[in-house]
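J.: Starting from these lines, generate the structure:
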Amino acid sequence: MSKYEPTDEQRAIIGADESALVVAGPGRGKTVTAIAAARAWLARTPEPARVLFTSFSNAAVRRIAAAAGIDPAGLDRRVQFRTIHSLAMEVLGNYGRYVGLRQPAKPLDGTEERLIAAERGWDQSDDEKHRGALNALARDEGLVGFDLMVPLATELLRSSPTIRRAVGCRYPFIIIDEFQDTRPEQWSFLKLLGEGSRVVALGDPNQMIYERQHQAAKRRMKEFCTWKGIEPSGFDGPNFRCQVGGIINFAESLLNGRRHTPAAGDGVQLFAAYPNQRRATLAAIWSEIRRQVGKTSSIAVIAPSGGAASRLAAELRAPDPTSKVPLPIYARVESNESALDAFRLAACAATDWVRDRTEGNKQVLAVALAVFVTQWSRRKLTDARISTIAKRLGADSRAASPLRDYLTGAPPDGFIEFADGLLAAMEQDKELASAGGALRKRGMPNLRCIAVGQGSLFDEYRLARANAGLQGMTISSAPTTLLSMYRAKGREFDFVVLVVEPRDHSSKVTDDELRRLYYVSATRAREWLGVLHVPGRAGPVLGPVLGT
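T.: Numbering: from 1, shown residues only. Predicted coordinates for the structure are as follows:
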């Protein structure tokens, strides 16, 4: 990254005390300018005034904190980095009783929500009834589901000008990163939170992939300008993330559908390989990068979808011995931490059942396995699914079940070895094969965090994870990362290989949406961008750029 020397437009933002909307593409200095503005404002504003950086996700918050050189946990007491949902929980924690919460507010993540729903027999096939049950849980026990955090906090601020002023006074200067990603309910919350504050919003509507969201982001930016009585600002100066002009030009060609031919030395290289050659080609590219730059630079392989990323990771990790490049490559695949946690819970429940085969432990295991399956499939957790799994675990079941056979055998003594065998049995079991295979391709989660004692392992780990707070995307710090195009936003790497395979995209995604998706993915590269495609199958985005 080049040294930051602000342009005239950026100096205007840094030296001002007014609100601003900055609309600019990746690497144009939005975040670093906002950080400079925060520091300048703090220098001329007496304590205890604070600056709040907020964004929609943990990943984005960590990224802007790292760019500022400040610990996101808030070690710098005058600068706080928070997600919108954590802000909402802070409001509910302080004032939740005014919206009917009878107990102190605590966050409820998706895995715990599924477990509670199964244990209490909620009807999850009826969205209205399920939401009503979540509302009752928040009201009676203070457990606030993820989707209720912002709406409840918004209701509280809207209903009480006094509380709204008290909360707003804590944050006289608010910076909203990735503003285009805010949802309608988050936007309503932020307007109430920042009605008396200086607010600087940073965004780029071209990073909103889907057309409806793209149009909504542009409308929201207009609303912001009307709200604060300003005109939007744009940064057209140097790119601070990437100094390689060829990468920037190529990415913009992908976005605009115009022809572009990479030239030698411009930071972009094209590779054509058939599907059966893809693994060897990627391995050869990876090996050459490591040969030239060593292990200090970060490498990312960006695939069209999460499924494609998992498949590639498995292929790279376990090459065919006859392959031209048999070197195994261990790429970290980023996954939702709550989905990984669901497997840990299932392994704990399976351990409890092996130790004590009571009907109660069997039911807990059936629930944990059903949660694991639905976390990976994103489907609703139903009583029918739990019942089916429970029946297959029963000794009187006539249905073939490799999982039951494994659990009724004599599993290894070590928990990690037992969990690995459990996953292998899941992969062979009809009801669990899809989720088990998806986890295997991604790679086993860390299991060393689980302390095996004499009590219920499931209960002990469940309590421990509940104290950890909300889970989100785990940002990889590994030298090599493999992720989907949809997970690439907000990330940056020294070397990027963009895998183009039109067949891995949904037919429902329009060409304009795909152009924005490829644009975001290509702009993740700082030093070099490789594009791997199938000969004669460049697709509707890369095809026009190549002139095919």
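
J.: tell me the domain boundaries of this protein?
T.: 8-105+142-234, 245-334+476-546, 337-466 (automatic domain parsing).

J.: Using CSV, lay out those together with mean pLDDT.
T.: What follows is these, written out as CSV (pLDDT from 0 to 100):
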stretch, mean pLDDT
domain 8-105+142-234, 89
domain 245-334+476-546, 90
domain 337-466, 87
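
J.: of those, which approaches Glu119 most closely?
T.: Closest of the domains of the chain to Glu119 is domain 337-466, at 6.9 Å (criterion: C-beta to C-beta). Backbone N, C-alpha and C define where each C-beta goes, glycine included.

J.: Name the nearest residue to Arg259, sequence neighbours excluded.
T.: Gly547 (4.9 Å; C-beta to C-beta, 6 or more residues apart in numbering).

J.: Likewise for Val367?
T.: Ala118 is the one closest to Val367 (C-beta to C-beta, 6+ apart), at 4.5 Å.

J.: and that neighbour, what pLDDT?
T.: On the pLDDT scale, Ala118 is placed at 85.

J.: Any idea how many residues pack against it?
T.: Burial of Ala118 is recorded as 23 neighbouring residues (other C-beta atoms under 10 Å).

J.: Identify the residues contacting it.
T.: Val367, Ala370, Val371, Leu381, Asp383, Ile386 (C-beta atoms under 8 Å, 6 or more residues apart in numbering).

J.: same for the longest strand anywhere in the chain, what does it pack against?
T.: Ranked by number of residues, the top strand in the chain under DSSP state E is strand 525-533. Secondary-structure packing of strand 525-533 (3 or more C-beta pairs under 8 Å, 6 or more residues apart in numbering; DSSP states H and E): helix 245-256, strand 268-272, helix 278-293, strand 493-499, helix 539-546.

J.: Recalculate using a threshold of 10 Å.
T.: helix 245-256, strand 268-272, helix 278-293, strand 299-303, strand 493-499, helix 511-522, helix 539-546 (3 or more C-beta pairs under 10 Å, 6 or more residues apart in numbering; DSSP states H and E).

J.: Just the buried positions in the longest one, please.
T.: Buried positions in helix 278-293, judged by neighbour count with 16 or more other C-beta atoms under 10 Å: Arg278, Arg279, Ala280, Thr281, Leu282, Ala283, Ala284, Ile285, Trp286, Ile289, Arg290.

J.: How about the last one, nearest residue that isn't a chain neighbour?
T.: So that's Arg290. Ile299 (8.0 Å).

J.: do the same with Arg28
T.: That would be Phe235: by C-beta to C-beta, 6+ apart, it lies 4.3 Å from Arg28.

J.: Helix or strand for Gln215, just tell me which one.
T.: Taking DSSP states H and E as the criterion, Gln215 maps to helix 211-228.

J.: Can you give me the buried ones in that helix?
T.: Residues of helix 211-228 classed as buried: Gln213, His214, Ala216, Ala217, Arg220, Met221, Phe224, Trp227, Lys228 (neighbour count, 16+ other C-beta under 10 Å).

J.: can you tell me how far the residue nearest to Leu532 when sequence neighbours are not counted sits from Gly245?
T.: The spatial neighbour of Leu532 that comes closest, neighbours along the chain excluded (C-beta to C-beta, 6+ apart), is Phe271 at 4.6 Å. Per C-beta to C-beta, to the nearest Å, Phe271 is found 21 Å from Gly245.

J.: higher neighbour count, those two?
T.: Between Phe271 and Gly245, counted using other C-beta under 10 Å, the more crowded position is Phe271 (17 against 11).

J.: Does the more buried one touch Ala280 like I think?
T.: No. Between Phe271 and Ala280 there is no contact under C-beta atoms under 10 Å: 11.1 Å.

J.: so what does whichever helix or strand Leu422 is part of touch, helix or strand wise?
T.: Using DSSP H and E, Leu422 sits in helix 415-428. Applying 3+ C-beta pairs under 10 Å, 6+ apart, we find helix 415-428 packed against helix 337-355, helix 359-377, helix 402-408, helix 433-442.

J.: quick one: secondary structure of the most far-flung residue of the chain relative to its centre?
T.: What lies farthest from the middle of the chain is Asp396; by C-alpha atoms, centre = their mean that is 42.3 Å. What DSSP: H, G, I helix; E, B strand; the rest coil gives for Asp396 is coil.

J.: that's a strand at Arg82, yeah?
T.: Yes. The assignment for Arg82 (three-state DSSP) places it in a strand.

J.: Would you confirm that it contacts Glu90?
T.: Yes. The pair Arg82 / Glu90 is scored as a contact, 7.7 Å apart, by C-beta under 10 Å.

J.: neighbour count winner among those two?
T.: Higher neighbour count among Arg82 and Glu90: Arg82, with 19 against 15, using other C-beta under 10 Å.

J.: how far away is that one from Ser19?
T.: Taking C-beta to C-beta, one finds Arg82 at 19 Å from Ser19.

J.: try Ala251
T.: As judged by C-beta to C-beta, Ala251 and Ser19 stand 30 Å apart.

J.: Compare the two (neighbour count), which wins?
T.: Ranked by neighbour count (other C-beta under 10 Å), Ala251 and Ser19 place Ala251 first, with 26 against 19.

J.: Skip the chain neighbours and tell me the closest residue to the more buried one.
T.: Ala522 (3.9 Å).

J.: show me what contacts Leu148?
T.: The neighbourhood of Leu148, defined by C-beta atoms under 10 Å, 6 or more residues apart in numbering, consists of Ala88, Leu92, Leu108, Arg131, Leu134, Asn135, Leu137, Ala138, Glu155.

J.: give me that answer again for 6 Å
T.: For Leu148, the contact set (C-beta atoms under 6 Å, 6 or more residues apart in numbering) comprises Leu134, Ala138.
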